[in-house]
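> Sequence plus the predicted model coming up.
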Amino acid sequence: VYRVVSRDERKAQVAVTLKLFASQPETQVITFDMAQENGRWLIDDVSSAGDPAWVLSRLLQTRE
């Protein structure tokens, strides 16, 4: 199930409620930050609202 949380002409945020595994009763909410480029909506970032919460762009940052 998905719902549009916010949207303007260049950005949108979509929350998706899903089960990671069909055998689990719990659902998770994953939020997609979207950006419009050249008439197409592209994923800019992904995050979770669960515990532990995470943001994909932060997970992918390299540490020195």
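Here it is on my side, so go on. Just so you know, these numbers come straight off a predicted model, no measurement behind them. Numbers count the residues shown, from 1 in each chain.
> so what's the residue lying closest to R10 once chain neighbours are set aside bridging to?
Leaving aside its sequence neighbours, R10 sits nearest to Q36 (Cβ to Cβ, 6 or more residues apart in numbering; 5.3 Å). Backbone N, C-alpha and C define where each C-beta goes, glycine included. Assessed by DSSP bridges, Q36 has beta-bridge partners W41.
> So for Q36, what's the pLDDT?
Looking at Q36, its pLDDT stands at 97.
> what does V29 give?
V29 is given a pLDDT of 93.
> which helices and strands does the helix or strand where it lies pack with?
Using DSSP states H and E, V29 maps to strand 28-37. Contact here means 3 or more Cβ pairs under 8 Å, 6 or more residues apart in numbering; DSSP states H and E; on that basis strand 28-37 packs against strand 11-18, strand 40-48.
> Make TSV from the ones you listed and add mean neighbour count and mean pLDDT to it.
Formatted as TSV, these follow (neighbours: other Cβ atoms under 10 Å; pLDDT from 0 to 100):
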stretch	mean neighbour count	mean pLDDT
strand 11-18	14	96
strand 40-48	13	97
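> Please consider this matter closed, and thank you.
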